[in-house]
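Engineer: Sequence first, then the predicted structure, then my questions.
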Amino acid sequence: MSQYYQGKRTRNIFDPDAKSPFKLSRSKIDLFLNCPRCFYIDRRLGVGQPPGYPFSLNSAVDTLLKKEFDYHRTKNSQHPLMKAYNIDAVPFNHEKMDEWRENFVGVQFLHEPSNFIVTGAVDDIWMGRDKRLIVVDYKATSKDGQVNLDADWQVGYKRQMEVYQWLLRNNNHEVSDTGYFVYCNGRTDKEAFDGQLEFEVTVLPYTGDDSWIEDTLINARKCLEAEKMPNPSLDCDYCTYRKAVSDAVKRV
């Protein structure tokens, strides 16, 4: 069996009769918004979408950025990027930072109306002079031209930041509406590789709006409680693939 895909799960499956809270990650909220049917098959039936292969280069960039910002966290000093972009903040030093950044743990909050424990692992948090927390997310890519947040598919990035802002607010922290994406763009315009990949680092501000989250959690709960699966999503590649396979098998 593939080391990346294990088929049907036996854990983390929603039981509509259970009274205990059900843990729901930030990424699964995004899955529900992208395709309720795939969300139902994953969380209710225990069969998730095949995962993408891990991007080790992206992970390396994340690790190096965290090391840089952690150095300034211990010194309570500004990172040079903050100075370059006139961001009056320092990396937030908090006893739970390691926990908040750990996958499958992250920042957590029990949303009682849906009975979901919502979780999300942040990349970083800064604190402004006004003592409000600033959510920061690291991104790595390689593209021609300047990076931006204008593509339709990047709505997932924006929702990601808004969930983190919502989680921190519900953990009794004052949080700025403005967060930042630290975007590392691998340069391909160098004359020679010389064993080094250089990045142009850009800090992009984004003003979040988490007002959609409460209703989304209620609707996600209703989706999982239903005995009938949602209809296939017309713009979901996974739904289209499953239908094409089913039709082909029937013909055989």
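Structural biologist: Received it, and whenever you're ready, just let me know what you need.
Engineer: And the strands in the protein?
Structural biologist: 22-25, 89-91, 107-111, 116-120, 124-128, 133-141, 178-186, 199-207 (DSSP state E).
Engineer: Tell me where the stretch 1-150 of the chain is predicted with low confidence.
Structural biologist: Residue ranges of the stretch 1-150 of the chain with pLDDT under 70: 1-6, 53-54.
Engineer: in it, which spans are helices?
Structural biologist: 26-34, 36-43, 56-75, 80-84, 97-100 (DSSP state H, counting those that start in this stretch).
Engineer: circling back: export the strands of the chain to JSON lines and tack on mean neighbour count and distance to residue 64?
Structural biologist: For every residue, glycine as well, the C-beta is placed using N, CA and C. Formatted as JSON lines, the strands of the chain follow (neighbours: other CB atoms under 10 Å; distance: least, CB to CB, whole Å):
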{"stretch": "strand 22-25", "mean neighbour count": "20", "distance to residue 64": "25"}
{"stretch": "strand 89-91", "mean neighbour count": "22", "distance to residue 64": "15"}
{"stretch": "strand 107-111", "mean neighbour count": "17", "distance to residue 64": "23"}
{"stretch": "strand 116-120", "mean neighbour count": "21", "distance to residue 64": "22"}
{"stretch": "strand 124-128", "mean neighbour count": "22", "distance to residue 64": "12"}
{"stretch": "strand 133-141", "mean neighbour count": "21", "distance to residue 64": "10"}
{"stretch": "strand 178-186", "mean neighbour count": "20", "distance to residue 64": "9"}
{"stretch": "strand 199-207", "mean neighbour count": "15", "distance to residue 64": "10"}
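Engineer: got JSON lines for these, with distance to residue 51 too?
Structural biologist: Formatted as JSON lines, the strands of the chain follow (distance: least, CB to CB, whole Å):
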{"stretch": "strand 22-25", "distance to residue 51": "13"}
{"stretch": "strand 89-91", "distance to residue 51": "31"}
{"stretch": "strand 107-111", "distance to residue 51": "23"}
{"stretch": "strand 116-120", "distance to residue 51": "18"}
{"stretch": "strand 124-128", "distance to residue 51": "24"}
{"stretch": "strand 133-141", "distance to residue 51": "18"}
{"stretch": "strand 178-186", "distance to residue 51": "23"}
{"stretch": "strand 199-207", "distance to residue 51": "26"}
